Structure formats: structure tokens, C-alpha cells
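Colleague: Below are the sequence and a predicted model for it; my questions follow.
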Amino acid sequence: MTTPDGQLTPPPGCPAHGLGTDQIRRLYGPEAEADPSGLYEKLRAEHGSVAPVLLHGDLPAWLVVGHSANLTVMRNPSRFSRDSRRWTAFQQNQVAMDSPLMPVLAWQPLCLFADGAEHRRLRGAVTDALNRFDRRGMRRYVTRFADQLIDGFTGRGTVDLVGEFAEHLPMLVMTQLLGAPDEYGPQLVVAARDMMLGTETAIASNEYVATTLRQLVARKRTEPGNDLASWLIQHEAGLSDDELMEHLRLVLLMANESTVNLIADTLRMVLTDSRFRANLSGGHMTLPDALDQVLWDSPPLSMIPGRWATIDTELGGQQIKAGDMLLLGLAAGNVDPEVRPDLDTPLYGNRSHLAFSGGPHECPGQDVGRAIAETGIDILLTRLPDLQLAVAEEDLRWSGAWLARHLTGLPVRFTPGRPKPAPAPAGAPAAAVPAQATAPTVTPAAAPIAAAPAPAPRRSWWRRIFGRRQG
């Protein structure tokens, strides 16, 4: 609702009611983008485990910054629904159609926005299909594409590991797991990144992704294979073509976004964190341990929107009204003093972090993301064992976003080497990986690809350097 002079006024019953927008901190703007961790701690000091905040357009919500409070919301769908149609702001037409909140909050026929029996039907299909992947099969794809990416820059001696490695590897692997032809991968990398950045061409990129996946569904109905698209089509849940496309897009984009950040932040820690490197050199940390530490300190998604209160309720000392929106503060909850009184104490091996959410909506693809990140990083550091940061640590930069922070670059130097000879699979050319991103164009479905060959045995970087077997 607005006043005659166009100023937003909070509706009755919303978190901001009685406080005024000038008394509530915003999750957008200079303060939030420059120092989100500092903002979370201010909110914790001012309000406790649940804090009133403002989103784009000064729309009110609650940010859950406590670890225990986050778990309460995640595990109680009867009190905190995933159905965004319950949001008071939607019901009162306060959200503009061109609001940056719409792509992530507008209701869609996805398991992400469903509760109860419908959630179990849709989520069950996705989970069952993802569980059919085996770790060894995924490693073949990761090895294949990681080697191709590294071959593209190994002779130079310098590279930006975000722009030329982390931002490409997950999508290239995920297109294979979905069952898409090789040539889909590079274009989907560009389109997906464009969508996440919210550029002027984001809508066109989203349409490209949707069109490509609709083509894939149509193809897999007549030419099924051992892939996610085929398994979803065959599932007893009986997903419609629209449901199939939407869930393939959800898996593709969420797995890509979170895994890109996980790879980038883990590589950054390996190169910059003295505590981290000391543990490695002392032989006490395996790569899976390292990923756990990063998931505590730098979760791929800082927060997850949202949950909507189904009834008037109390949480963290705050009175939540039915229809209020809550944001799961994953990064804030992970540093809650109640569970981490000493942030310098290593937590590798401890997987009680909030990085993958929890409860019935816990991320179903977390094992896939971890496998891609772990294998890709291992291959990179095995082939380029003398990586060094090429700039001062304080010169690294992040792009601010209300849901996540993205490392914009990780320039490194290393001893130049030669590309690794690897013959293409019989009957199929190797996938092309573009050095520069180009605008995506829709291409017709191509012929099926052959299975990736098993990689030659390699010594793990962790084992070669520190004489340990991975755990």
C-alpha cells in the first residue's frame, strides 16, 4: 500500500507494523552488499535469533539468523509453509510484476513451492531420480570436462579460476547428467549465468533454457537413456511435460549456482586461508573435510526465501503473523554463537551446518554438488599443484546479491604445462568449451552422445602432496 505521495506503508499485521521503515535494516543496498556478515551480526545484536528486515520495494519480512530457529522453521511445514501464495504482500498486490523478487518468490508448480501430498509426489520423483546416479559415473563426466577446461589455459601460466573453471564445470557436468547432448552445455552455461545475474537479457536466457529443456523432454520420451530426464519421465509420479521441464530447470540451475560458489570458495580458501593451509600441510584435513569447513564458513547460498506463516505464532521472541514471510538465514545461522562460540575452531567432518537447508525441503542434490566440487578441485590441484594467488588477497572482490555472494574472480599463476592428450569418445566429438561467453541461441536436438570413457588412474593431489588417502 502507498500514501498519496507514493511512499510505501506497511500493511497491518506485517513485521514492520508499528516500527516504520526507517527503523528496520534492508537486505539490499550498499550496507547489505558491502558487508552482509556484518549486517547479520547487527541484526542478531538488535533483535536476537529472528529479525525484522526489508526486501526490495521495502517489503517487510523476517530474517532468521539463529541456528536453532532456522531448524525450527525448516522442520515445521505445518506452521511455516512453502506456498508463496500465502504471503500478505502478494494477497494485497504490493509486489510489482517487474520486482526482482518475482523470479524467486512467485508461485510455480514445483516441489519447491508445495507442501503435503503434492510435495511428496513431486519431491519423491526428483529424489528417486537423483539417487540413481553413482559416484563413479559422475566422476567420469567431471574428469572429462575438468581436463578440457584445464587444457584451455594450462599453457598460459595464468588463469581466472572463477571465470574459466568454476563457472563452467558444474553446468557442463549437469547437462550430461540430465541427458542433454554435448553442444547444449556451453550455451546453457552462458544462459544460466545470465539469468542468475539478472541482466537485461535474463528473460531471453530463461526462455532459452526452458525451450532447450522442452526439446530434451520431447526427445527423451522417444529415446530414453540412463539420465535424469528419462528417469523423471518414467517415474510413477506421472509428471506432466510442464512439471518435467520445470523440475529439470530447477535441478539444473540450483545445482549450478550452489556448486559454482562451492568450488570458487573452496579454491579461495586453499589459496588464502593460513589456518586452512596449515591444517592441510599438517596432514589433518582431507578434501571432503575441506568442503565441510567451507559449507560452514561460506555456504553457497547465504539465505533461502522463503517460508510463510500459516497461523499467528511465536519464534525467537518475535510475534509472527499469518501470511508473514520468513527468510532462512543460512550464512547467519552457521555463525550463531550458540553453536560456534569460537569461529576459529575447525569444523571439518561436522555436517550439522545449514548450507543445504533441512527438513522436508532439504536440498535433494547436495551429494551431486559435492561430488562435482570434490572431483573437479582434486583434478585441478593434481594437474596444477603449484597454484598461487596472482593478486593480494584484499584485492579479491565479490558481487553482492540478497541470496548469495559471488566471488567475481580468482586470478592465479602456475608453471605452464601441456594439454593432456585424451582421445574423443568413439562416434562423438569432444565438447567445445568457449574461451569467451557468447549470446545463447536455440539449436535443434543433436544425435545422442556416447558414454564418457573411464579416466586413467590418477594420484589424488591430496595424497600426492601429503601422503594421505582421501577419506
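Modeller: Okay, I see it.
Colleague: Quick check: which ranges of the stretch 1-150 of the chain have low pLDDT?
Modeller: The stretch 1-150 of the chain contains residues with pLDDT under 70 at 1-23.
Colleague: Using CSV, write out every CA atom in the helix or strand harbouring residue 69.
Modeller: Using DSSP states H and E, residue 69 sits in helix 67-74. Extracted as CSV, the C-alpha positions of helix 67-74 are listed here (Å, rounded to 0.1, in the frame of the first residue of the first chain):
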residue,chain,number,x,y,z
HIS,A,67,20.8,-21.8,14.0
SER,A,68,18.1,-23.4,16.2
ALA,A,69,15.4,-21.1,14.9
ASN,A,70,16.3,-21.9,11.3
LEU,A,71,15.9,-25.6,12.1
THR,A,72,12.5,-24.9,13.7
VAL,A,73,11.2,-23.2,10.6
MET,A,74,12.7,-25.9,8.2
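Colleague: And the next helix or strand after it, how far out from the chain middle?
Modeller: The C-terminal neighbour of helix 67-74 among helices and strands, as given by DSSP H and E, is strand 80-81. What separates the centre of strand 80-81 from the centre of its chain is 22 Å, taken as C-alpha atoms, centre = their mean, to the nearest Å.
Colleague: Show me what strand 80-81 packs onto, helices and strands only.
Modeller: Under the contact criterion of 3 or more C-beta pairs under 8 Å, 6 or more residues apart in numbering; DSSP states H and E, strand 80-81 touches strand 303-309. Heads up, the C-betas are built off the backbone N, CA and C, glycines and all.
Colleague: pLDDT of the strand it packs on, averaged?
Modeller: Regarding strand 303-309, the rounded mean pLDDT is 92.
Colleague: hmm, who's touching the next helix or strand along the chain from it?
Modeller: Going down the chain from strand 303-309, the next helix or strand is strand 313-315, by DSSP H and E. With contact meaning C-beta atoms under 8 Å, 6 or more residues apart in numbering, strand 313-315 is reached by 49, 50, 62, 64, 69, 72, 73, 79, 320, 326.
Colleague: buried residues in whichever helix or strand comes after strand 313-315?
Modeller: Following strand 313-315 in sequence order, the next helix or strand is strand 318-320 (DSSP H and E). Of the residues in strand 318-320, 318, 320 count as buried by neighbour count, 16 or more other C-beta atoms under 10 Å.
Colleague: Which strands border strand 318-320, and is each parallel or antiparallel?
Modeller: Strand pairing for strand 318-320, determined by DSSP bridges: strand 313-315 (antiparallel).
Colleague: Identify each buried residue in the strand it pairs with, please.
Modeller: Quick answer for strand 313-315 (16+ other C-beta under 10 Å): residue 315.
Colleague: same deal with stretch 145-159?
Modeller: By neighbour count on 16+ other C-beta under 10 Å, the buried set for stretch 145-159 is 145, 146, 147, 148, 149, 150, 151, 152, 153, 154, 159.
Colleague: Tell me how this protein divides into domains.
Modeller: Domain ranges of the chain: 1-107+304-354, 116-301+363-471, per automatic domain parsing.
Colleague: Turn the buried residues of stretch 145-159 into JSON lines, columns for distance to residue 297 and secondary structure.
Modeller: JSON lines is the format used below for these (distance: C-beta to C-beta, whole Å; DSSP: H, G, I helix; E, B strand; the rest coil):
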{"residue": "145", "distance to residue 297": "27", "secondary structure": "helix"}
{"residue": "146", "distance to residue 297": "24", "secondary structure": "helix"}
{"residue": "147", "distance to residue 297": "29", "secondary structure": "helix"}
{"residue": "148", "distance to residue 297": "30", "secondary structure": "helix"}
{"residue": "149", "distance to residue 297": "26", "secondary structure": "helix"}
{"residue": "150", "distance to residue 297": "26", "secondary structure": "helix"}
{"residue": "151", "distance to residue 297": "32", "secondary structure": "helix"}
{"residue": "152", "distance to residue 297": "30", "secondary structure": "coil"}
{"residue": "153", "distance to residue 297": "28", "secondary structure": "coil"}
{"residue": "154", "distance to residue 297": "30", "secondary structure": "coil"}
{"residue": "159", "distance to residue 297": "24", "secondary structure": "strand"}
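Colleague: Report the two of these separated the most.
Modeller: 145 and 159 (15.6 Å; C-beta to C-beta).
Colleague: Which stretches in the stretch 1-150 of the chain count as helices?
Modeller: Per DSSP state H, counting those that start in this stretch, the stretch 1-150 of the chain carries helices over the ranges 30-34, 36-47, 67-74, 88-91, 102-105, 116-130, 135-151.
Colleague: ok, back up a step: what helices or strands is the helix holding residue 69 leaning on?
Modeller: strand 313-315, strand 325-329, helix 330-334.
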